[in-house]
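Student: fold the following and give me the result.
(one chain, ligands or ions: 1)
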Amino acid sequence: MQHAPASGTPVVSDVIVVGRGANGCAAALGLAQAGLRVTLVGPESPPEPADWDPRIYALSPASRALLERLRVWPALDASRMAAIQRMRVFPDSRPDAPELGFSAHEAGVPALAWVLEGRQLTRALHQAVGFSGLTLRTAQVLQARASPQAAEVELDDGTCLRAKLLVAADGAGSPVRAMLGMPVSERAYPQRAVVANFACARGHADEAWQWFGDHGVLALLPLPGERCSIVWSAPEPLADELLSLSTEGFALRVAEAAQGVLGALCPLGPARAFPLRLVRAERLVAPRALLLGDAAHAVHPLAGQGLNLGFGDVAELLSVIAGREPFRDLGDHLLLRRYERARREPVLAMAFATDGLQRLFDASSAASLPAALQPLRALRETGWRMVAGTPWLRRRLIRHAVS
Ligand SMILES: Cc1cc2nc3c(=O)[nH]c(=O)nc-3n(C[C@H](O)[C@H](O)[C@H](O)COP(=O)(O)OP(=O)(O)OC[C@H]3O[C@@H](n4cnc5c(N)ncnc54)[C@H](O)[C@@H]3O)c2cc1C
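Tutor: Numbers count the residues shown, from 1 in each chain. The predicted model follows:
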């Protein structure tokens, strides 16, 4: 890793990547491994949590393949990772609610997903970035400009960077997207995601559980040993109530909402909460610039697919760059359009599916469903039973989730 000198004249590279989150690091790493001169910009990461990080990711087989290709996967501590072999989803918490089950065996994959802590992933990515030969700048972007001639950013340490291509991976609120004047549609969900880890009295047998209902969406994911992690996308008033409980009181509420499937729960640390919103940039590309990860699209976490979608962007970008004709410049608009076209369908499909499910099951969103769609709510249990009882349909859904 080189540290670029601060100066008034622009520091030139092939690609500037803004954002040191998982997507920015993965993109910068892949581009550097492809032999390009890359500058990665972002502030220092926040301090790591003391023990089990309550921010966890369920990474799909496709995300694992990307991390293997970037040589990051082997650096992850396998003893702190759990594989999901089976997923059990319920439309509500009645005992006779029809279960929608998916298994890795049915999908023909070694696991439906791997659950790991956010800090583990960030640490492994940062280590790999350190050895990749790219230039790392610990700074914030204050200004960004992109034109058919060049892309430029100004940093808060006074440095100006110039490149053929600017990649904005600076999160859902993307300041770079705004600086480039790229339009975005955005809607806040009336829910907050409450996350926490627990030791559980009963083993999870590598199963993940999820309940939809008036309580929002509760997902219970396996962690190594007799531990589990939850993501509870709770309506705002319920989120406030959950966060006001003692850690023990909260554990009791979770165990109850999870119908005791893992027995009594013992908290492994305090809960954390995240606001939820749907964000979709209208265009993914501008002259010599592109959006990637949450800067391009942020979806509801009910399917645990936000980062997987971002890693899909990274894989596509690397493939488009690797496959470019020798005469084509990195910022060539045709090249960027190839990226945009390839990502349109998977992004739209995921945003539509997660948003649709959220609205269909969220009591507070019922009123916001267009009148023409109101009968869908009545049909939801029928539809659910149909999917649950139709093996080919279930297989299609699994294929979509793991690809
Ligand atoms: C509760 C919850 C559970 C989730 N679970 C899953 C899951 O199981 N699986 C999954 O695939 N996804 C999941 N997601 C989604 C996932 O967390 C996000 O999609 C992912 O973290 C986005 O990563 P990113 O790198 O695009 O953005 P971020 O992680 O937001 O990183 C953006 C970076 O840009 C930097 N930045 C911002 N502004 C500037 C600036 N001006 N200059 C320089 N740098 C800047 C920030 O400091 C930050 O480091 C979940 C999300 C939530 C809320």
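Student: which strand of this structure spans the most residues?
Tutor: If you go by DSSP state E, the chain has its longest strand at strand 184-200.
Student: so what are the sheet partners of it and their directions?
Tutor: Taking DSSP bridges as the criterion, strand 184-200 forms sheet pairs with strand 227-235 (antiparallel), strand 265-267 (antiparallel), strand 272-281 (antiparallel).
Student: quick one: closest of the ones you listed to residue 158.
Tutor: Of all those, the one in closest proximity to residue 158, counting by CB to CB, is strand 272-281 (29.2 Å). The C-beta positions use only the backbone N, C-alpha and C, and glycine is treated the same way.
Student: contact partners of that closest one?
Tutor: 54-55, 172, 174, 177, 182-189, 191-196, 233, 239, 243, 291, 294-301, 347, 351, 354-355 (CB atoms under 8 Å, 6 or more residues apart in numbering).
Student: apply 7 Å and report the result again.
Tutor: 54, 172, 177, 182, 184-189, 191-195, 233, 239, 243, 291, 296-301, 351, 355 (CB atoms under 7 Å, 6 or more residues apart in numbering).
Student: direction included, what does the helix or strand following that strand pair up with?
Tutor: In the C-terminal direction, the helix or strand that comes right after strand 272-281 (DSSP states H and E) is strand 285-286. If you go by DSSP bridges, strand 285-286 pairs up with strand 289-291 (antiparallel).
Student: burial count for the closest residue to the ligand within the stretch 1-150 of the chain?
Tutor: Relative to the ligand, the nearest point of the stretch 1-150 of the chain is residue 21 (2.3 Å; CB to the nearest ligand atom). Close neighbours of residue 21, defined as other CB atoms under 10 Å, add up to 21.
Student: ok, now residue 217?
Tutor: Residue 217: 23 neighbours (other CB under 10 Å).
Student: quick one: it from residue 37, how far?
Tutor: From residue 217 across to residue 37, the span is 44 Å (CB to CB, to the nearest Å).
Student: go on, residue 19?
Tutor: The gap separating residue 19 from residue 37 is 18 Å, by CB to CB.
Student: looking at these two, which is more packed in?
Tutor: Under the criterion of other CB under 10 Å, the comparison of residue 19 against residue 37 puts residue 19 first, with 27 against 15.
Student: which residues touch that one?
Tutor: With contact set as CB under 7 Å, 6+ apart, residue 19 has these partners: 42, 169, 170, 171, 295.
Student: mind picking out the helix or strand in the chain with the poorest mean pLDDT?
Tutor: Lowest on mean pLDDT, DSSP states H and E among the helices and strands of the chain sits helix 374-388, with a mean of 58.
Student: residue 316 touches residue 342, doesn't it?
Tutor: Yes: counting by CB atoms under 7 Å, residue 316 does reach residue 342; the two are 5.0 Å apart.
Student: so who does the closest residue in space to residue 192 that isn't next to it in sequence touch?
Tutor: Distance criterion CB to CB, 6 or more residues apart in numbering; nearest residue to residue 192, sequence neighbours excluded, is residue 239 at 4.0 Å. Contact analysis of residue 239 by CB under 7 Å, 6+ apart lists 191, 192, 194, 273.
Student: kindly report the same for residue 40.
Tutor: Counting by CB under 7 Å, 6+ apart, residue 40 touches 17, 20, 24, 28, 129, 134, 136.
Student: in helices only, show me those residues.
Tutor: Judged by DSSP state H, helices contain the following of those: 24, 28, 129.
Student: who in the stretch 101-250 of the chain is up against the ligand?
Tutor: When proximity is defined by CB under 6 Å from any ligand atom, the stretch 101-250 of the chain lies next to the ligand at 140, 141, 169, 170, 171, 175, 193, 195, 231.
Student: looking at strand pairing, list the partners for the last one.
Tutor: Partner residues in beta bridges with residue 231, using DSSP bridges, are residue 195, residue 219.
Student: and it, how many residues sit next to it?
Tutor: The local packing of residue 231 (other CB under 10 Å) involves 23 other residues.
Student: that one contacts residue 192, correct?
Tutor: No: using CB under 7 Å, residue 231 is not in contact with residue 192, being 10.8 Å away.
Student: what about the longest helix along the chain, average pLDDT?
Tutor: Counting by DSSP H, the longest helix found in the chain is helix 333-361. The average pLDDT within helix 333-361 is 91.
Student: low-confidence stretches in this protein?
Tutor: 1-8, 49-50, 93-95, 363-403 (pLDDT under 70).
Student: if you set the cut-off to 80 instead, what comes out?
Tutor: For the chain, applying pLDDT under 80 flags the ranges 1-8, 45-50, 92-98, 360-403.
Student: if we can go back for a sec, from the contacts of strand 272-281, keep the buried residues only.
Tutor: For the contacts of strand 272-281, a burial check counting by 16 or more other CB atoms under 10 Å picks out 54, 172, 177, 182, 184, 189, 191-195, 233, 239, 291, 296-301, 351, 355.
Student: leaving out the residues flanking it, which one is nearest to residue 251?
Tutor: Setting aside the residues directly before and after it, residue 251 is nearest to residue 265 in space (CB to CB, 6+ apart), at 4.4 Å.
Student: which residues touch the one you found?
Tutor: Counting by CB under 7 Å, 6+ apart, residue 265 makes contact with 198, 200, 251, 254, 255.
Student: so which of the residues you listed comes closest to the ligand?
Tutor: The ligand has its nearest neighbour among the contacts of residue 265 in residue 254, at 14.7 Å by CB to the nearest ligand atom.
Student: quick one: the closest one is in a strand?
Tutor: No: assigned with DSSP: H, G, I helix; E, B strand; the rest coil, residue 254 falls outside any strand and is helix.
Student: hey, where'd the strands end up in the stretch 101-250 of the chain?
Tutor: Here the stretch 101-250 of the chain has its strands, by DSSP state E, counting those that start in this stretch, at 113-117, 135-138, 141-146, 151-155, 160-168, 184-200, 207-213, 216-223, 227-235.
Student: so which of the ones you listed gets nearest residue 91?
Tutor: strand 207-213 (5.4 Å).
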